[in-house]
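Engineer: below is the sequence, then the predicted model.
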Amino acid sequence: MPRYPGIAQTVSSMEGSLFSKLAHRLATMTGERYPLHVGDTWREPAEGCRMEDLHVADHPGMHRYASPHGLPMLLDGIVARASERTGIATEPGNVLVAAGATGALGATVGATMDPGDEVLLLAPYWPLIAGILKSFGAVPVAVPFIGPVTGPGDVEELLDRYATERTAAVYLSTPNNPTGKVIPGDQIDAIVAWAQTRDLWILADEVYEDYVYSGEHRYARSSAPERTFSVHSFSKAYGMAGNRCGYVVGPADVMGQVRKVSTHTFYSTPTASQIAAARALDGRGAAWVAEVKPEYLAAGSAAAERLGLDAPEGSQFLWIDVAEQLDDRGLMGFLGDCLDEGLLVAPGPSFGPYPTHIRVCYTAVSPDITARGIERLARRLGR
């Protein structure tokens with residue numbers, strides 16, 4: 001039990017940003033920078049869905065608290081979208097509008113996990129999920145999945161190897177951050193079947209659902225709505241990362257508990273952000289995706305070709321093993337050398353047990369700047 005000046009063990013065990021060890025050098029950098037380390041977009045949201053488009057005269061109370069559940073106009077749009085995409089009847093009681101997908105996952109974990117419960121993280125995984133679990137006393141268990149698993153027959157054996165009597169849930173990200181892979185539908189079915197036989201929750205991180213370039217996205221909730229929490233984000237779908245608006249869809253009999261946690265953490269999602277999100281769901285967001293998706297694919301494919309990698313299947317990332325370029329300084333030395341050239345990439349250990357990998361986001365800055373950054377990276381890799 002910590003006393004001044006101690007801090008909670010759950011927090012002290014959480015990883016900070018590995019890149020923060022180099023952050024002090026950013027202030028002294030000159031010349032063009034290539035910030036390919038953050039998952040974002042260079043594009044502004046669709047016209048009509050930007051903060052500059054919203055006016056109090058049109059939306060009285062825009063600067064007041066919204067309902068902790070979510071604005072009715074947005075809930076209605078989410079219900080229609082979820083029902084159509086998953087084929088599962090969805091009602092407002094299945095939904096929580098949250099402060100980004102991050103807030104959605106936090107509220108879900110807080111409602112479903114007791115201290116000491118273990119969650120299998122299909123790795124590589126989105127980096128903040130491990131810290132979210134630790135914040136609520138749960139235990140993240142990394143399961144190297146993408147790469148080692150080549151078909152549905154591998155799924156049960158692999159998950160059984162990492163599961164214990166404390167296992168309470170399995171987390172998956174598809175289209176995947178950081179690899180850019182789409183987990184095939186038959187593997188999703190195998191994960192769902194495995195979770196069903198063991199009475200486990202499923203946390204399905206589907207924030208890149210609109211960015212599938214090859215293959216098909218399979219919704220876990222379509223097969224197991226009674227145990228699946230599907231997490232979605234307006235940040236990734238429509239270029240609204242700064243708005244902090246996302247949502248989770250789950251079993252109605254549990255969502256009341258999820259809303260308890262959200263009410264006592266972020267209380268409600270910014271009202272103006274919800275209005276912008278509702279506008280995105282009226283068709284303007286779909287038109288925006290149709291415009292930017294080919295641009296994302298072109299940028300990702302060009303970057304992959306220059307780096308000697310397969311073209312991305314989905315999301316906004318490339319995943320690169322740089323082991324052959326590491327010296328006795330390890331990955332931090334490599335990151336420092338990249339930084340000397342103005343190039344920022346995300347370190348592999350943020351995504352699981354990957355000490356020789358890096359992640360590159362090819363949508364964070366405009367395609368011309370991305371291409372120049374990728375060229376510098378390719379030369380450093382000797383490619």
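Structural biologist: Great, that's in hand. In this text the structure is predicted, and so the values were computed from the model without any measurement.
Engineer: ends of stretch 200-209, what's the gap?
Structural biologist: Start-to-end span of stretch 200-209 (C-alpha to C-alpha, to the nearest Å) is 23 Å.
Engineer: ramachandran coordinates for the closest residue to Glu32 other than its chain neighbours?
Structural biologist: Spatial nearest neighbour of Glu32, excluding adjacent residues (C-beta to C-beta, 6 or more residues apart in numbering): Gly342 at 5.7 Å. The way it works is simple: take the backbone N, C-alpha and C, and place the C-beta from them, glycine included. Phi and psi for Gly342, reported as degrees, to the nearest 10, are phi 80, psi 10.
Engineer: tally up the residues packed near Gly342, please.
Structural biologist: Gly342 has 17 neighbouring residues, counting by other C-beta atoms under 10 Å.
Engineer: now Gly131
Structural biologist: Around Gly131 there are 17 residues (other C-beta under 10 Å).
Engineer: likewise the one 5 residues further on?
Structural biologist: Other residues near Phe136 come to 18 when the count uses other C-beta under 10 Å.
Engineer: now it. Its backbone dihedrals?
Structural biologist: Torsion angles, degrees, to the nearest 10, at Phe136: phi -100, psi 10.
Engineer: next up, the contacts around it.
Structural biologist: By C-beta atoms under 8 Å, 6 or more residues apart in numbering, the contact list for Phe136 reads Gly106, Val109, Gly110, Met113, Pro115.
Engineer: ok, back up a step: how near is the residue nearest to Glu32 to Arg383?
Structural biologist: Gly342 sits 19 Å away from Arg383, going by C-beta to C-beta, to the nearest Å.
Engineer: and for Pro68?
Structural biologist: 50 Å.
Engineer: neighbour count: the two, which is higher?
Structural biologist: Each of Pro68 and Arg383 has its neighbours counted (other C-beta under 10 Å); Pro68 has more, 17 against 12.
Engineer: now do the phi/psi pair for the more buried one.
Structural biologist: phi -60, psi -20.
Engineer: verify the stated contact: it with Arg259.
Structural biologist: Yes. Counting by C-beta atoms under 8 Å, Pro68 touches Arg259, with 6.3 Å between them.
Engineer: still on that earlier bit, among the contacts of Phe136, which are located in helices?
Structural biologist: Gly106, Val109, Gly110 (DSSP state H).
Engineer: all helices of the stretch 201-350 of the chain, in order?
Structural biologist: Assigned by DSSP state H, counting those that start in this stretch, the stretch 201-350 of the chain shows helices spanning 220-223, 234-238, 252-263, 271-279, 285-307, 330-340.
Engineer: most packed of these?
Structural biologist: Stretch with highest mean neighbour count among the helices of the stretch 201-350 of the chain: helix 234-238 (a mean of 26; mean count of other C-beta atoms under 10 Å).
Engineer: average pLDDT for that helix?
Structural biologist: The average of the pLDDT scores along helix 234-238 is 96.
Engineer: just stretch 369-383 next, same as before
Structural biologist: What stretch 369-383 shows for mean pLDDT is 97.
Engineer: gap between that stretch and the chain center?
Structural biologist: Relative to its chain's centre, stretch 369-383 lies at 25 Å (C-alpha atoms, centre = their mean, to the nearest Å).
Engineer: again with stretch 260-272
Structural biologist: Put simply, stretch 260-272 sits 19 Å off its chain's centre (C-alpha atoms, centre = their mean).
Engineer: run through who's touching it.
Structural biologist: Contacts with stretch 260-272, where a contact means C-beta under 8 Å, 6+ apart, come from 51, 54, 59, 61-68, 70-71, 96-99, 103, 106-108, 110-111, 243-245.
Engineer: can you turn the buried part of the residues you listed into a PyMOL selection?
Structural biologist: Filtering these down to the buried ones (16 or more other C-beta atoms under 10 Å) takes a single PyMOL command:
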select buried, resi 54+62+66+68+70+71+96+97+98+99+103+106+107+108+110+111+243+244+245
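Engineer: report the contact partners of Ile275.
Structural biologist: Shown in contact with Ile275 (C-beta under 8 Å, 6+ apart): Leu54, His59, Met62, Leu71, Met73, Leu74.
Engineer: so which of those are in strands?
Structural biologist: Among those, no residue falls in strands (DSSP state E).
Engineer: what residue lies at the spatial centre of the protein?
Structural biologist: Trp126 (5.3 Å; C-alpha atoms, centre = their mean).
Engineer: these two touch, right, it and Thr174?
Structural biologist: No. Counting by C-beta under 8 Å, Trp126 sits too far from Thr174 to count as a contact (10.9 Å).
Engineer: which neighbours do these two share?
Structural biologist: Contacts common to Trp126 and Thr174, judged by C-beta under 8 Å, 6+ apart, are Asp205.
Engineer: quick one on the thing from earlier: what helix or strand is the residue nearest to the centre of the chain on?
Structural biologist: Take DSSP states H and E as the rule and Trp126 turns out to sit in neither a helix nor a strand.
Engineer: Asn176 and Ile146, how far apart?
Structural biologist: As judged by C-beta to C-beta, Asn176 and Ile146 stand 6 Å apart.
Engineer: revised request: answer the last question for Ala237.
Structural biologist: Taken as C-beta to C-beta, the span from Ala237 to Ile146 is 22 Å.
Engineer: report the secondary structure state of the nearest residue to Asp53 once chain neighbours are set aside.
Structural biologist: Ranked by C-beta to C-beta, 6+ apart and with sequence neighbours excluded, the top spatial neighbour of Asp53 is Glu47, at 7.1 Å. Secondary structure, DSSP: H, G, I helix; E, B strand; the rest coil: Glu47 is coil.
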